[in-house]
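Q: Whatever this is, show me its structure:
(2 chains)
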There are 2 protein chains.
Amino acid sequence: MQNFTFHNPTRIIFGKGTIAKLGAEASRAGKKALLVYGGGSIKKNGVYDAVSASLAAAGITVIEHAGVKPNPVLSHAREGVKKAGENGCDIVIAAGGGSAIDEAKAIAAGAAYSGDLWDFFSGKAGIKDALPLFTVLTIPATGSEMNSGCVITNEATKEKFSAMGSALFPRVSILDPETTMTLPATQVAYGAVDALSHLIEGYFSTTDRDVIVTDEITHALARSIIASTERILKDPRDYNARASMMWSATMALNGLQSLGYGGTSFINHAIEHSLSALYDIAHGAGLAIVIPAWFKHHLRKDGPARLEKFGAAVFGVRTAEETIAAFEAWSGKIGAPTRLSDADIPARDIPKIAENVMGLISKWGIDYTRTEIESILNKAA
Amino acid sequence: MQNFTFHNPTRIIFGKGTIAKLGAEASRAGKKALLVYGGGSIKKNGVYDAVSASLAAAGITVIEHAGVKPNPVLSHAREGVKKAGENGCDIVIAAGGGSAIDEAKAIAAGAAYSGDLWDFFSGKAGIKDALPLFTVLTIPATGSEMNSGCVITNEATKEKFSAMGSALFPRVSILDPETTMTLPATQVAYGAVDALSHLIEGYFSTTDRDVIVTDEITHALARSIIASTERILKDPRDYNARASMMWSATMALNGLQSLGYGGTSFINHAIEHSLSALYDIAHGAGLAIVIPAWFKHHLRKDGPARLEKFGAAVFGVRTAEETIAAFEAWSGKIGAPTRLSDADIPARDIPKIAENVMGLISKWGIDYTRTEIESILNKAA
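A: Here you go, the predicted structure:
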């Protein structure tokens, strides 16, 4: 078990009716909020009204910043920074899924920085400060509501890059599972794959294979995600399944999932980021395509032990091959794509995708050759 | 799944050689530390020297408060408050197990309060403030290093009471598993039972039996504790087992273990607190005696479902009776007592013990009759 530091100061307020608590929490940090959200689904499911009522009751003025894209883009985040500055916003509130939260994080950091916010993503500057951030989560998937990272796509350069900094931990995140009751089945599936992928990245890239406790935690969260997803797809109104899914997805990337592993490579995410930067597909869909292909690469390179252990604990199977098959079967069953062709990505694009991946992994310090990346992508064709 | 709030701001620095980081961390909060520790085991295992060197290097002056008892007592904590005040200490540092940390918490709160510190335990006052607290953990067991509670025994009244307050979260806790390598087998066993008991309290007193994610987390930590203990008792120098045990015990009472359960009754702890208040036995030993007896009571009162689920996931058994037997067999195997007589507590004392328990559970709001308590104790005879 490798040394680690763990610190996660985000306060989680979880359950039915909890959005009403947002205003009181946010008013401890500021009085003028930039409210960041997406395409307006929060106006249909009541979240927008609940957020607005709670903020108004606490005397918080709201400046709206709507229109966050599913893969949030740099130009829109820059607009948010400008709007926050012009209006003197002293807090940022995200309402939505990981995209709204990630863009809100980028804006919160950009608003406390004199340069251009892409500097944080290109590696030119570190995040030293940020406006206080509050979130209301409506899609269990990315874990962004309880961590200090965010991902933004630069449309001009086709780079989907990430930035981190402890100033980005949300002060408070409100998780009301009732906001997820109307999520369509595809978003349930993509969210489940994304959450599971965060566990897989740590578990399979660990430099230390004797970490009893974190292996057990990973198995536990993976089992919970799979069991919850199954119940949700059977009965979308199953509150307890929605609730377990929501909390499992948060814990799957709040830091706990990789303690003692000595680092996580996020190789599947790197490959997926190129897919969604180039083809604007959903993050969870891209991961469902990449992971089985990467599993096959991992099996050949690192042997069956880790896949066997994961498969036995999570899917109740015996061999590495059965683990890969079980993962693919599960993705397919919940409606996620499993091949590049399922997402209309032609195999002839593989060299171009690999080129994009190489740019990202050199930045992340992941040691894969271009031949390896192409080989993984070919397994996904 | 019931609503909850989760917030745990303690920074964990985990691993080999990490005590060297104490001084730099502590110096952000103060310059004069009250160093709280027990009977001197930290002078034998190198912890005292490592702590002293790190604090000296950071320019922190140390006032010593040694002699914390295994069940820390009020009179000694009061002395600590006096010493901290007289010397103008601005931080408190605990080095040791849960006893040293609990007493340090009581002192930290008492030093920031104008009245008598027992007020926090009797319920007369709430904890509003405390001196910043840092801990160096040497015994995995109580979880006190990452929570906001503490337990103190009033020798005069024979009351072992608890107090909580968010000001009591340690700022930083340093967990170096190497400090546990020389722990005697009995302390390993008592620590394992204590950690497991924290999981059991939440899992079996939940008002909600459909919390997929927290049930899975509980199973995961219980399995990790049991597997780690087995390896430690086989090979006390097994670093990875020591490390998994240490982090599992911390997580078993850092709040995560009961989220969504709608509250935890701590009935086994209440009964055990009376045993150690009256007979000064080790907390883990008392719990090992109480839990199987309480399991039998629970089975009769609430049915087999919960015991079956726990036993299947943790011990690989099928029935409630087999779960109880497996727990007793495990306690016995690792060297913990399983009956009152094993700890030289005579059955004729049961009415007196029950009397003491009733005082505590009325304070904790646990709804058990005296007849029920006596019946549980009789099952432990």
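Q: The stretch 51-200 of chain A against chain B: which residues are in contact?
A: Applying CB under 8 Å from any CB of the partner chain, we find that the stretch 51-200 of chain A lies next to chain B at residue A:177. (Glycine included, C-beta is placed from N, CA and C.)
Q: any chance you could map the strands in the stretch 51-200 of chain A?
A: With DSSP state E, counting those that start in this stretch, the ranges of strands along the stretch 51-200 of chain A come out as A:61-65, A:91-96, A:133-137, A:149-154, A:159-164, A:172-175.
Q: Going along the chain, name the helices of the stretch 201-350 of chain A.
A: For the stretch 201-350 of chain A, the helices defined by DSSP state H, counting those that start in this stretch cover A:212-234, A:239-251, A:267-279, A:283-302, A:305-314, A:320-334, A:350-364.
Q: okay, the ones you listed, which one's buried deepest?
A: helix A:239-251 (a mean of 27; mean count of other CB atoms under 10 Å in any protein chain shown).
Q: helix or strand for residue A:11, which one?
A: strand A:4-14 (DSSP states H and E).
Q: Show the secondary-structure elements that that strand is packed against.
A: Judged by 3 or more CB pairs under 8 Å, 6 or more residues apart in numbering or on different chains; DSSP states H and E, strand A:4-14 is in contact with strand A:172-175, helix A:239-251, strand B:4-14.
Q: Please identify the pairing partners of that strand and their relative orientation?
A: strand A:172-175 (parallel), strand B:4-14 (antiparallel) (DSSP bridges).
Q: Which among these is found nearest to residue B:353?
A: Closest approach to residue B:353 among the strands paired with strand A:4-14 is made by strand B:4-14 (33.2 Å; CB to CB).
Q: re the thing from before, what would the helices of the stretch 201-350 of chain A look like in a markdown table with mean pLDDT and distance to chain B?
A: A markdown table is the format used below for the helices of the stretch 201-350 of chain A (pLDDT from 0 to 100; distance: least, CB to the nearest CB, whole Å):
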| stretch | mean pLDDT | distance to chain B |
| --- | --- | --- |
| helix A:212-234 | 98 | 4 |
| helix A:239-251 | 98 | 4 |
| helix A:267-279 | 95 | 23 |
| helix A:283-302 | 97 | 19 |
| helix A:305-314 | 98 | 10 |
| helix A:320-334 | 97 | 16 |
| helix A:350-364 | 94 | 24 |
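Q: between these, which gets nearest to residue A:57?
A: helix A:239-251 (24.8 Å).
Q: tell me the mean pLDDT over the strand holding residue A:11?
A: For strand A:4-14, mean pLDDT rounds to 98.
Q: how about the very next helix or strand once past it: buried residues?
A: Counting by DSSP H and E, the next helix or strand C-terminal to strand A:4-14 is helix A:22-26. By 16 or more other CB atoms under 10 Å in any protein chain shown, the buried positions in helix A:22-26 come out as A:22-23, A:25-26.
Q: Export the helix or strand just after helix A:22-26 to CSV, keeping only CA atoms.
A: Counting by DSSP H and E, the next helix or strand C-terminal to helix A:22-26 is strand A:32-36. C-alpha atoms of strand A:32-36 as CSV (Å, rounded to 0.1, in the frame of the first residue of the first chain):
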residue,chain,number,x,y,z
LYS,A,32,-24.3,37.7,-6.0
ALA,A,33,-24.2,34.4,-7.8
LEU,A,34,-23.4,33.4,-11.4
LEU,A,35,-25.8,30.5,-12.0
VAL,A,36,-24.3,28.1,-14.5
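Q: quick one: strands adjacent to strand A:32-36?
A: When DSSP bridges is applied, strand A:32-36 pairs with strand A:61-65 (parallel), strand A:91-96 (parallel).
Q: Quick one: distance of the longest one to the chain centre.
A: Spelled out, it's strand A:91-96. 16 Å (CA atoms, centre = their mean, to the nearest Å).
Q: Please apply the same query to stretch A:316-334.
A: 23 Å.
Q: Stretch A:216-229 now?
A: That offset, for stretch A:216-229, works out to 17 Å (CA atoms, centre = their mean).
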